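[1] Structure for the following, please:
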Amino acid sequence: MGSRNLVVSYQQQPRGEAKQKAFAPADGRNRRVLQDIGNLVNDRVSLQGKKPITEVVDSVVARNVRAPAATKVPAAAIKKVNEKHRPEDVIVISSEETEKSKPVSRVPRKEVKTLTSILTARSKAACGKPEDTLVEIDAADVNNELAVVEYVDDMYEFYKLTEVDSRVHDYLQFQPDINAKMRSILVDWLIDVHRKFLLMPETLYLTINIVDRFLALKLVPRRELQLVGISSMLIACKYEEIWAPEVNDFVRISDNAYIREQVLAMEKEILGKLEWYLTVPTPYVFLVRYIKASIPSDEETENLVFFLSELGLMQYPVVVKYGPSKIAASAVYAARCTLDKIPFWTETLKHHTGYTEDMLRDCAKLLVHFHTAAAESKLKAVYKKFSSADRGAVALLTPAREAFHLNRHEKVLVTFG
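    Numbers count the residues shown, from 1 in each chain. The predicted model follows:
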């Protein structure tokens, strides 16, 4: 009611006066900072000399109800109007100085889930994966650009699809002058050379892959088997290392059994047979990922996993029967069994490897068997390497024979599939 009466009062003003006020030129020198709008507050008086709200209400009500001049508005009506327009309900626009002095209360922002997180959660729920048992292994590497967290899952999915292209199949049946024992002797010597040159672990795994793939394509006489080994390591060093050893270094470490020209000629022949296809997913590619998924992961677990995987790479039946990803996953599984980490196989490992515990038992049993026989084997390069203090002496740990029901002198037979 009060606001409508004020509007009526404004319309009753003379048109000329209202128009003059509306189009009056602004005096820049008399401009003032916008102060509080308090024309409806009873206890405030306008700085422009206007009347208080009580007197305004008296005059407006008197005109609208057409009461006699002597008639006054009851005190109860004025009190009702004053209560309706309490200072608390008035919107105050303060000057810049006033705003700086008063603390600004902000409404807390609600946490909104992104579409990606919602779709990921729904996808996991649809696949039946227990989210509470899965650990986000890449959470700590979100800000690490080298970890490529956005693409790492797609990369390993691609590795799993392409590992078949570089997988080694049974080739010794076509090699009349080479057998599995000779291959083991060569790999054992290459592991020793790799350690003396202080090379990267990627170099060793790529070297063994190049040797096996070349032997699967070319008949090699026994006298050239070591030449194939050093030439393959030379290629792997050029691919993986920052400072690769020179050709003469490989000639000297092979006790000058070959000359420099022979090494370069074999290097060229190997690259030609393999068609320069060197970017292959070796077991090492999967090992680093699966070790990360083995939570909790420590240095002892990592050393033991690499020890078991290198024992497996020395054995021709393991390389032929199982792919790189399964060898890596089996090494992690056997290591967890050896260290008695319960559970032996977690949902996180199952999610990232794609293998169940039953799928890995056969290969892991072979690795545990090789661990049992490592101390008594004549080929001790791997055993000595991981018996040192810098490798945590993991080769001296008790093998997990009970987990796989293995006797100490039990022989494990491998059949090729």
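[2] Check the gap between residue 327 and residue 194 for me.
    18 Å (C-beta to C-beta, to the nearest Å). Glycine gets a C-beta too; all of them are placed from N, C-alpha and C.
[3] do residue 331 as well
    For residue 331, the distance to residue 194 - C-beta to C-beta - is 18 Å.
[4] These two: which is more packed in?
    Shown here are residue 331 and residue 194; by other C-beta atoms under 10 Å, residue 331 has more neighbours (29 against 23).
[5] what's downstream of the helix or strand encompassing the more buried one, the next helix or strand?
    Using DSSP states H and E, residue 331 sits within helix 324-338. Counting by DSSP H and E, the element after helix 324-338 in chain order, helix or strand, is helix 347-353.
[6] what helices or strands is that following helix leaning on?
    Based on contacts counted as 3 or more C-beta pairs under 8 Å, 6 or more residues apart in numbering; DSSP states H and E, the elements that helix 347-353 packs against are helix 283-293, helix 324-338.
[7] Let's see that with 6 Å instead.
    Packing contacts for helix 347-353, counted by 3 or more C-beta pairs under 6 Å, 6 or more residues apart in numbering; DSSP states H and E, involve helix 283-293.
[8] Could you write out the alpha-carbon coordinates of the next helix or strand after the helix it packs on in CSV?
    Next helix or strand after helix 283-293 toward the C-terminus (DSSP H and E): helix 299-314. Output of helix 299-314 as CSV, limited to C-alpha atoms (Å, rounded to 0.1, in the frame of the first residue of the first chain):
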residue,chain,number,x,y,z
GLU,A,299,62.2,-52.4,-4.1
GLU,A,300,62.3,-56.0,-2.9
THR,A,301,59.3,-56.9,-4.9
GLU,A,302,60.7,-55.2,-8.0
ASN,A,303,64.0,-56.9,-7.8
LEU,A,304,62.4,-60.3,-7.3
VAL,A,305,60.1,-59.8,-10.3
PHE,A,306,63.0,-59.0,-12.6
PHE,A,307,64.9,-61.9,-11.2
LEU,A,308,62.1,-64.4,-12.0
SER,A,309,61.5,-62.8,-15.4
GLU,A,310,65.2,-63.1,-16.5
LEU,A,311,65.2,-66.7,-15.3
GLY,A,312,62.2,-67.3,-17.6
LEU,A,313,63.9,-65.5,-20.6
MET,A,314,66.8,-67.9,-20.3
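[9] And helix 299-314, what does it pack against?
    Counting contacts by 3+ C-beta pairs under 6 Å, 6+ apart, helix 299-314 packs against helix 283-293, helix 324-338, helix 357-373.
[10] Recalculate using a threshold of 7 Å.
    Under the contact criterion of 3 or more C-beta pairs under 7 Å, 6 or more residues apart in numbering; DSSP states H and E, helix 299-314 touches helix 180-196, helix 283-293, helix 324-338, helix 357-373, helix 381-385.
[11] Which of those helices sits closest to residue 173?
    Closest to residue 173 of the helices and strands packed on helix 299-314, according to C-beta to C-beta: helix 180-196, at 10.7 Å.
[12] Just the residues contacting the closest one, thanks.
    Outside helix 180-196, the residues within contact range by C-beta atoms under 7 Å, 6 or more residues apart in numbering are 172, 203-204, 207-208, 222, 225-226, 229, 233, 253, 310, 313-316, 379, 381-382, 385.
[13] How about stretch 301-310?
    191, 283, 287, 291, 294, 327-328, 331-332, 334-335, 338-339, 367, 371, 382, 386, 391-392, 394-395, 397.
[14] List only those of the residues you listed flagged as buried.
    Neighbour-count burial (16 or more other C-beta atoms under 10 Å) applied to the contacts of stretch 301-310 gives 191, 283, 287, 291, 294, 327-328, 331-332, 334-335, 338, 367, 371, 382, 386, 391-392, 394-395, 397.
[15] What number of neighbouring residues does the residue nearest to residue 258 when sequence neighbours are not counted come out with?
    Ranked by C-beta to C-beta, 6 or more residues apart in numbering and with sequence neighbours excluded, the top spatial neighbour of residue 258 is residue 227, at 5.2 Å. Residue 227: 20 surrounding residues under other C-beta under 10 Å.
[16] Run through the stretch 1-150 of the chain and note the low-pLDDT ranges.
    1-132 (pLDDT under 70).
[17] mind running it again at 80?
    1-133, 138, 141 (pLDDT under 80).
[18] In PDB, list the C-alpha atoms belonging to stretch 389-404.
    Extracted in PDB, the C-alpha atoms of stretch 389-404 (Å, rounded to 0.1, in the frame of the first residue of the first chain):
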ATOM      1  CA  ALA A 389      73.500 -56.400  -2.300                       C
ATOM      2  CA  ASP A 390      72.500 -53.800  -4.800                       C
ATOM      3  CA  ARG A 391      69.700 -56.100  -6.000                       C
ATOM      4  CA  GLY A 392      68.600 -56.900  -2.500                       C
ATOM      5  CA  ALA A 393      70.000 -60.400  -2.700                       C
ATOM      6  CA  VAL A 394      66.500 -61.600  -3.700                       C
ATOM      7  CA  ALA A 395      67.900 -64.700  -5.400                       C
ATOM      8  CA  LEU A 396      68.700 -66.000  -1.900                       C
ATOM      9  CA  LEU A 397      65.000 -65.900  -0.800                       C
ATOM     10  CA  THR A 398      63.200 -69.200  -0.200                       C
ATOM     11  CA  PRO A 399      61.200 -70.100  -3.300                       C
ATOM     12  CA  ALA A 400      57.400 -70.400  -3.100                       C
ATOM     13  CA  ARG A 401      57.400 -74.200  -3.500                       C
ATOM     14  CA  GLU A 402      54.500 -74.700  -1.100                       C
ATOM     15  CA  ALA A 403      52.200 -72.300  -3.000                       C
ATOM     16  CA  PHE A 404      52.700 -74.500  -6.100                       C
END
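[19] count of neighbours near the closest residue to residue 336 other than its chain neighbours?
    Nearest residue to residue 336, sequence neighbours excluded (C-beta to C-beta, 6+ apart): residue 344, at 5.1 Å. Neighbours of residue 344 under the rule other C-beta under 10 Å: 21.
[20] For residue 344, what are phi and psi?
    When read as degrees, to the nearest 10, the backbone of residue 344 gives phi -70, psi -30.
[21] List the residues that contact it.
    Residues near residue 344 by C-beta under 7 Å, 6+ apart: 333, 336-337, 357.
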